[in-house]
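Colleague: the following block contains a protein sequence and its predicted model.
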Amino acid sequence: MQIKFLLPIVLSALFSLPAMAADYYVEITNKTGYIINYMHVSPGNKKSWEDDVLGNDVMVNGETQRVTLKGYSSPIFDIRLTDEDGDTYTFWDVNVHEYDLVVSEDDLD
């Protein structure tokens, strides 16, 4: 008899849990012909850019950089790269679970 009363409570508790955080990664290849000085990756629903993931490093032409994204509830991210001339390459709503990026001059903002 107690199971009949507990089952709805347990089920409602399970369905009310927040979305579980997951780890993702995206591989970004620089085919711009320029050095990339800054790379910002932010959740797709965020209104501002997160910190530069390159830090003190740069990404030379032809290089591929893997960016690990930990603790996010969605695989959708916005990605912006800035090259040595200050030109930007912006990608909106990238599903990093399905796609990696190859960035070329054709992607210039």
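Modeller: Sure, I can see it.

Colleague: pick out the residue nearest the middle of this protein.
Modeller: Most central in the chain under CA atoms, centre = their mean is Phe77, positioned 3.9 Å from the mean C-alpha point.

Colleague: given the strand or helix carrying that one, what are its sheet partners and their directions?
Modeller: Following DSSP states H and E, one finds Phe77 within strand 76-83. Sheet pairing here is set by DSSP bridges, and for strand 76-83 it gives strand 36-43 (antiparallel), strand 88-95 (antiparallel).

Colleague: what's the most buried one of the ones you listed?
Modeller: Most buried of the strands paired with strand 76-83, by mean neighbour count (mean count of other CB atoms under 10 Å): strand 36-43, with a mean of 19. For every residue, glycine as well, the C-beta is placed using N, CA and C.

Colleague: what lies in contact with that strand?
Modeller: With CB atoms under 8 Å, 6 or more residues apart in numbering as the test, strand 36-43 has contacts from 26, 28, 30, 48-54, 58-59, 65, 67, 69, 72, 74, 76-84, 103.

Colleague: ok, stretch 48-59 next?
Modeller: Against stretch 48-59 from outside (CB under 8 Å, 6+ apart): 28, 30, 35-42, 65, 67, 78, 80-81, 84.

Colleague: flag every buried residue along that stretch.
Modeller: Val53, Leu54, Val58, Met59 (16 or more other CB atoms under 10 Å).

Colleague: stretch 76-88 now?
Modeller: Under 16+ other CB under 10 Å, the buried positions of stretch 76-88 are Ile76, Phe77, Asp78, Ile79, Arg80, Leu81, Thr82, Asp83.

Colleague: just the closest of those residues to Val96, please.
Modeller: Set against Val96, the nearest of the buried residues of stretch 76-88 by CB to CB is Phe77 (5.6 Å).

Colleague: okay then, goodbye and thanks.
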